[in-house]
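1. Requesting a structural model of the entry that follows:
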Amino acid sequence: MMRKYSKNLGKSTKPYTFEQYNAQSAFFILQKRLATDMTRFLFLILVSIQVFAQDSSKTTKPKTYTIKQLAGEWVKEEIRMKDGSKLYNNPLNESSLRYIFQSEDSVKIVYDGRSGNVPFTLNGNKLVINSLPLIINYLDENRLILDEDKDTLGIQIRLVSAKIHNLGFTPQTYITQGNDTIYVAERNYLEPSFRNPANGPMEVISQNFTYPEYRTDDFFARFIVTNTGEVKGIKILKSTNEKFNTRLVKAIKKTEGMWEPATWEGRRVNVEMKMRFDMGWSQKMAARNPKNIDSTQIKIDLSDNYLMEGNYYAENKNYKQALRSYNLSIQNNPLNVEVYYKRAAIFAITKQNDKMCEDLKHLRDLEQKRGTELYQKYCEKKE
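-> Numbering: from 1, shown residues only. I've put the predicted structure just below:
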């Protein structure tokens, strides 16, 4: 019922077949769609035709920070490219993320409701969280900016202190017959965290839910995670097949002891959670009425597939086929920033400068810093 994906993708040697290339790239595209491959490939081609100029910015001595300055709870505000460029269609932007520095060598990470404690070290402005090297770009009592510590283009995580993040938020509460105060969960503001970095509560409950794979049903459940981590008051609010309600209640109850209670104003509180368990129901309904299918994610996936295909052809110097694949990628997702860089590089190497400038202009309009710089340097004089 649950698909599992291997994270151990080995490195292969060139030349690739397209099937090998596609398999090698799939996990990379999913995890870091805008990371080193884009920069390496564009750099290689643009340097070869003398269209890329290195920055000559002055270097300054990095600041030194202390663990005391870093201590506290930080909430993700925004994720951009390290140079300030906007990210599009990236799951990181939709995710919730918190760093809670509670000791001198351990940080609690809460990512989309899943939590875990990992080691960290701080040396000057270099912060290493569980072997991930980061640079503290800026830090004061209200704001923390972290850059990926890499020479190539990486991401920048902008965070604010929890007290600033929570300004203006007022939680909903109600009193039970037993005179207990219950807070209503609000994503990224007030919610218990699940002590399982690998799987979230939905996955664990689904794994424990004894349900036949051939069936399709829909369930809405409500339960309380208490201030001691217990799971109480489980109720199925809506069900397309009540025969399985008791099984779902048992599966939810099995998560007891896996929750870190939510906190509000420095104390642990009882929180009401609501979850939907869609056991293939939406797909079944969509098949009955294809007009209801949300094609956005399908097109994003198609765009990434055509991008991988274009990369394969480009690295094998089949520029005609590469352009065809990049064109199809952009047709499916006009916000796929990486494709404009790749296609501009092909236009440059094939001396189609007007088309190169069109793609660089698109990058400028999409607020991409490097694309804007290249456009200003090589294209604005033509206008």
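
2. how about the helices of the stretch 51-200 of the chain, start to end?
-> Ranges of helices in the stretch 51-200 of the chain, per DSSP state H, counting those that start in this stretch, are 67-70, 91-94, 162-165.

3. Lowest average confidence across those helices, which one?
-> Lowest mean pLDDT of those: helix 91-94, a mean of 77.

4. elements contacting it?
-> Packed against helix 91-94 by the contact rule (3 or more C-beta pairs under 8 Å, 6 or more residues apart in numbering; DSSP states H and E) you find strand 72-81. Heads up, the C-betas are built off the backbone N, CA and C, glycines and all.

5. Dump the strand it packs on to CSV, keeping only the CA atoms.
-> C-alpha atoms of strand 72-81 as CSV (Å, rounded to 0.1, in the frame of the first residue of the first chain):
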residue,chain,number,x,y,z
GLY,A,72,16.4,29.4,20.5
GLU,A,73,13.7,28.4,18.0
TRP,A,74,13.9,29.5,14.3
VAL,A,75,11.1,29.2,11.8
LYS,A,76,11.5,29.1,8.0
GLU,A,77,10.3,32.3,6.4
GLU,A,78,11.5,31.8,2.8
ILE,A,79,13.9,29.8,0.7
ARG,A,80,15.6,31.4,-2.3
MET,A,81,18.8,30.7,-4.3
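
6. And the contacts of that strand?
-> Residues outside strand 72-81 that contact it (C-beta atoms under 8 Å, 6 or more residues apart in numbering) are 34, 86-87, 90, 92-93, 95-101, 144, 153-162, 165, 188, 368-369.

7. ok, now with 6 Å
-> 87, 92-93, 97-100, 144, 155-160, 162, 165 (C-beta atoms under 6 Å, 6 or more residues apart in numbering).

8. Go through that strand and flag the buried ones.
-> 73-76, 79-81 (16 or more other C-beta atoms under 10 Å).

9. what's the answer for stretch 189-209, then?
-> 189-194, 196, 200-201, 204-206, 208-209.

10. out of the residues you listed, who's nearest residue 336?
-> residue 200 (27.4 Å; C-beta to C-beta).

11. Now do the longest helix along the chain: which elements does it pack against?
-> Ordering each helix of the chain by length in residues (DSSP state H) puts helix 296-315 first. Under the contact definition 3 or more C-beta pairs under 6 Å, 6 or more residues apart in numbering; DSSP states H and E, helix 296-315 sits against helix 18-31, helix 319-332.

12. where's stretch 212-222 relative to the chain centroid, distance-wise?
-> Distance of stretch 212-222 from its chain centroid, counting by C-alpha atoms, centre = their mean, to the nearest Å, is 27 Å.

13. What's the end-to-end length of it?
-> 22 Å (C-alpha to C-alpha, to the nearest Å).

14. hang on, the earlier thing: ok, and which of the helices of the stretch 51-200 of the chain has the densest surroundings?
-> helix 162-165 (a mean of 16; mean count of other C-beta atoms under 10 Å).

15. which other residues reach that one?
-> With C-beta under 6 Å, 6+ apart, helix 162-165 has contacts from 73, 75, 142.

16. what's the burial count for the last one?
-> So the one you mean is residue 142. The local packing of residue 142 (other C-beta atoms under 10 Å) involves 12 other residues.

17. going forward, begin numbering at 9 instead of 1
-> Got it, the first residue is 9 from now on, which makes the last one we talked about residue 150.

18. Give me the phi and psi angles of it.
-> phi -110, psi -20 (degrees, to the nearest 10).

19. And for residue 215?
-> phi -70, psi -30.

20. Show only the entries of the buried residues of stretch 197-217 found in strands.
-> 201-202 (DSSP state E).

21. what's the lowest-pLDDT member of the buried residues of stretch 197-217?
-> Among the buried residues of stretch 197-217, pLDDT bottoms out at residue 204, giving 82.

22. what's the closest of the buried residues of stretch 197-217 to residue 273?
-> residue 198 (10.3 Å).
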